[in-house]
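Visitor: My questions concern the predicted model and sequence given below.
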Amino acid sequence: MIQYWTTWNLVWFLGSKMNYFKVNNSLKTSLIMTSVIGGSLVYIYPRRMTLQPIKNKKYRLHFLQMMVADFVFHQMPLICTISTPNDDNTCGRNVIVPFAIWLNMHYMMKTPMNKLYGVNIIKLLGTGISMIGAGGLIYHQYLSK
């Protein structure tokens, strides 16, 4: 499961709840991106998710199971964190650092990224970068003044 960004995001979120990591704009940016992109992969561009073999048996999630998983792993962390005051007010663009580590891990492992999520990874990266840019513009131009 380490291959999915959701896992990294969930560890970051749980670590912030246990005071291992600070609640900051980078975490909130990551949670917003994961919520929107994860939700769109479940509801707008549904696909079949197959869990890795457990005792040599693959397990396919049904749509209802995917909806519950989306709520628990994508939406709940955002709901629990978005109104939490920041421990520091660093720029949300710093989400690029852990994301770059995640991407480089896949590059070194030669992961077929288009198969990982079942969609073209360039579209997902473009959506994420656009969200970081739009969020930064809104925050720095309108909300931080």
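Guide: Cool, got the structure. Residues are numbered from 1 along each chain as shown.
Visitor: quick one: the spatially most central residue of the chain and Ser144, what's the gap?
Guide: The chain has Thr34 as the residue nearest its centroid, 3.0 Å off, counting by Cα atoms, centre = their mean. Per Cβ to Cβ, to the nearest Å, Thr34 is found 23 Å from Ser144. Where you see a C-beta, it was placed from the backbone N, CA and C, and this is true even at glycine.
Visitor: Same question for Ile32.
Guide: Applying Cβ to Cβ, the value for Ile32 to Ser144 is 16 Å.
Visitor: pLDDT weak spots in the protein?
Guide: 1, 48, 50-54, 145 (pLDDT under 70).
Visitor: those strands in it, which residues are they?
Guide: 49-54, 57-61 (DSSP state E).
Visitor: picking that back up, who's more crowded, Ile32 and Ser144?
Guide: The neighbour comparison of Ile32 against Ser144 (other Cβ atoms under 10 Å) goes to Ile32, with 18 against 10.
Visitor: Next up, the contacts around the residue lying closest to that one once chain neighbours are set aside.
Guide: Using Cβ to Cβ, 6 or more residues apart in numbering and skipping the chain neighbours, the partner closest in space to Ile32 is Leu78 (6.4 Å). By Cβ atoms under 8 Å, 6 or more residues apart in numbering, the residues touching Leu78 are Leu31, Ile32, Thr34, Ser35.
Visitor: And Leu137, by the same measure?
Guide: Contacts of Leu137 (Cβ under 8 Å, 6+ apart): none.
Visitor: remind me, longest helix of the chain?
Guide: Taking DSSP state H as the assignment, the helix of the chain that covers the most residues is helix 121-138.
Visitor: Now that helix: buried residues?
Guide: Buried positions in helix 121-138, judged by neighbour count with 16 or more other Cβ atoms under 10 Å: Ile121, Leu124, Gly128, Met131, Ile132, Gly135.
Visitor: and the gap between the first one and Val42?
Guide: Here Ile121 is placed at a distance of 17 Å from Val42 (Cβ to Cβ).
Visitor: Also the fourth one?
Guide: When distance is defined by Cβ to Cβ, Met131 is 17 Å away from Val42.
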